[in-house]
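> Take a look and give me a structure for this.
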Amino acid sequence: MSKLFYRDKPIIGLDISSTDMKVMSIDLKRKAVSGYGTIDLDPLRIKKAFDEEDDYLTENLHNLLESKLVGELQSDQVVLGIPTSRTFSRTFTLPVSAESTLKDAVSIEVGQYIPIPLSLLYVDYEIIERNEKQLTVVMSAVPKRLIDNTIAACEAAGLTVNMVEPAINAVARVLKLTEEGHLPTVIVDIGAANTDIAVLDGSVRVTGGIATGGNTFTLDIAKKLSVTLENAHQLKVLNGLAPGARQEKLTAALRPSLRGIITETRKVIRYYNERLSNDRRLEQVLVVGSGSNIPGIGEYFTNELVMPARTANPWQELDFGELPQPAKQFRSRYISVAGLSNVEKGAMWQ
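So this is what the prediction gives:
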């Protein structure tokens, strides 16, 4: 793809997760949002659409673009985000002398650590650090069927895909711009159905995840307190883990699921510390995503991980102008697609 092409066509972000589909268009020079929108998806139908031939992706993308858009999109050129839980990322080191056989080394890593045959995967890799003795390489692999199906849906909707990346990488891009993401950082991205965890140290070094999210928290509260799902959601976002009359019961209801996230976060931290840190110390935990809207969750992570933690608020960098902004409780769900929209054209490579 030519540089002229990139100069002439702005980029829009499109994020397809296991529970929704989001789009956003940003004028990067002014940090101004020209258009955005979201549509909820059926988790079972979208899983089938990722793995098999199905019109569900195409139908919902058409619906999103035609009836769910606030404002307008600047172009038809897309950076596509896919569920981090459906990708396999790994960072490893090699002696400098092995650079000439790097492709073979990547294939060996795939064969050893990824439970899908190499022939069914698209694999990409990049050297992210080097010194006199060794190279640090980040590798990402994604099932071919998922990529082929999502790109086909985009093309059927009149969109051209320029780049594909795991959603957690897009989140990291926003945090680097807005939340002191230049520091070695643990990202905990709590979505509706899944939580993705990553270490951001210049680039995303290691990822992990667990099938627990904001919807899980709501179900936990409803079951434990014997209330409706609607009441449980209100208790979650209004009271959560914050001090108050309901704190003890709500904390007891949320604790098992939160402990699962904490356990997975500790695994990711341990992998980074033991294999990748080069004595760099992790400085902060940033909790983001649609499931992070629980009062007191930052303090909970601070206490459990013994590291400064807070919920991230990246919206100060975006100007919605005269467009109606997303409701406060829904803003956090747009962080990944904002990151996709923030890809600098020169950063795209194949």
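
> now the helices for the stretch 151-300 of the chain?
Along the stretch 151-300 of the chain, counting by DSSP state H, counting those that start in this stretch, helices occupy 167-178, 214-225, 229-238, 247-275, 297-305.

> Let me have the ones you listed in CSV, adding mean pLDDT as columns.
Formatted as CSV, the helices of the stretch 151-300 of the chain follow (pLDDT from 0 to 100):
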stretch, mean pLDDT
helix 167-178, 91
helix 214-225, 96
helix 229-238, 95
helix 247-275, 95
helix 297-305, 97
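
> any idea which of those helices is most buried?
Each of the helices of the stretch 151-300 of the chain was assessed for mean neighbour count using mean count of other Cβ atoms under 10 Å. The highest is helix 167-178, with a mean of 24. From N, CA and C alone the C-beta is placed, and that goes for glycine too.

> Quick one: distance of that helix to the chain centre.
From the chain centre to the centre of helix 167-178 is a distance of 8 Å (Cα atoms, centre = their mean, to the nearest Å).

> which other residues reach it?
13, 15, 17, 79, 81-84, 181-182, 185, 187, 189, 196, 198, 200, 203-204, 207, 286, 288-289, 312, 314, 316-317, 335-340, 342-343 (Cβ atoms under 8 Å, 6 or more residues apart in numbering).

> Out of the helices of the stretch 151-300 of the chain, which gets nearest to residue 108?
helix 247-275 (16.5 Å; Cβ to Cβ).

> Just the angle for that closest one relative to helix 297-305, thanks.
Inter-element angle recorded for helix 247-275 and helix 297-305: 50 degrees (by axes from the mean of the first three to the mean of the last three Cα atoms, to 10 degrees).

> Which elements pack onto helix 247-275?
strand 185-190, strand 195-201, strand 203-210, helix 214-225, helix 229-238, helix 297-305 (3 or more Cβ pairs under 8 Å, 6 or more residues apart in numbering; DSSP states H and E).

> Now render the ones you listed as a markdown table, adding distance to residue 151.
Formatted as a markdown table, the helices and strands packed on helix 247-275 follow (distance: least, Cβ to Cβ, whole Å):
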| stretch | distance to residue 151 |
| --- | --- |
| strand 185-190 | 24 |
| strand 195-201 | 22 |
| strand 203-210 | 22 |
| helix 214-225 | 28 |
| helix 229-238 | 35 |
| helix 297-305 | 36 |
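
> Let me know which of those is the nearest to residue 116.
For the helices and strands packed on helix 247-275, the distance to residue 116 is smallest for strand 203-210, at 16.2 Å, taking Cβ to Cβ.

> Any chance of a PyMOL selection covering the buried ones in the contacts of helix 167-178?
To isolate the buried members of the contacts of helix 167-178 in PyMOL, using 16 or more other Cβ atoms under 10 Å:
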select buried, resi 13+15+17+79+81+82+83+84+181+185+187+189+196+198+200+203+204+207+286+288+289+312+314+335+336+337+338+339+340+342+343
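
> Among the contacts of helix 167-178, which ones are in strands?
13, 15, 79, 81-82, 185, 187, 189, 196, 198, 200, 203-204, 207, 286, 288 (DSSP state E).

> Ramachandran coordinates for the closest residue to residue 116 other than its chain neighbours?
Once flanking residues are discounted, residue 116 sits nearest to residue 143: 6.4 Å by Cβ to Cβ, 6 or more residues apart in numbering. The phi/psi pair for residue 143 (degrees, to the nearest 10) reads phi -60, psi 130.

> How much space separates residue 143 from residue 113?
Distance, residue 143 to residue 113, by Cβ to Cβ, to the nearest Å: 15 Å.
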